[in-house]
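[1] Predicted structure and sequence below. I'll ask about it afterward.
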Amino acid sequence: MYELKTKENEASVIEFIEKVDSVKKREDAYKLLDIFTETTGFPAKMWGDSIIGFGSYHYKYASGHEGDAALVGFSPRKAKISLYFATGDTKREELLKDFGKHTTGKACVYINKIDDINVDVLKALINQSIHFLRETYPE
């Protein structure tokens, strides 16, 4: 049976951030930590080795695959900062139009630095993602 690798754990978020090589990325990680904590009301938790997540939800797909994931999160990676929001909601795409300089992958939004984005839109994306996931996967 498939074992999910990205699980919530008790590793220290601060120790993880302190290991980020780039001083600017480390500073941005602390700013994001404050923004996500304040906006979600959830404490930061490590998910896997490199994702800082906030809150959690349980999902179950039609295929029978199920698990737990963070509602939202981020990771200060070497190349870019990855932001994790829910996919599948058209409101996300609307908000991203006013977000600032970013690129997107399947589930991630990538930024170079906080100075490139609109923080108010970031907060709206966080709230939209949580609302969408709570509706899609009610407890």
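    Okay, I see it.

[2] in stretch 71-79, what counts as buried?
    71-76 (16 or more other CB atoms under 10 Å). In short, each C-beta sits where N, CA and C put it, glycine included.

[3] quick one, phi psi at S12?
    phi -80, psi 120 (degrees, to the nearest 10).

[4] For it, grab the count of nearby residues.
    10 (other CB atoms under 10 Å).

[5] pretty sure it contacts M46?
    Yes: S12 lies in contact with M46 (CB atoms under 8 Å); the separation is 7.4 Å.

[6] Serialize the buried residues of stretch 71-79 to JSON lines and add fields for secondary structure, pLDDT and distance to N112.
    Converted to JSON lines, the buried residues of stretch 71-79 look like this (DSSP: H, G, I helix; E, B strand; the rest coil; pLDDT from 0 to 100; distance: CB to CB, whole Å):
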{"residue": "L71", "secondary structure": "coil", "pLDDT": "96", "distance to N112": "24"}
{"residue": "V72", "secondary structure": "strand", "pLDDT": "97", "distance to N112": "19"}
{"residue": "G73", "secondary structure": "strand", "pLDDT": "98", "distance to N112": "18"}
{"residue": "F74", "secondary structure": "strand", "pLDDT": "98", "distance to N112": "13"}
{"residue": "S75", "secondary structure": "strand", "pLDDT": "98", "distance to N112": "14"}
{"residue": "P76", "secondary structure": "strand", "pLDDT": "97", "distance to N112": "11"}
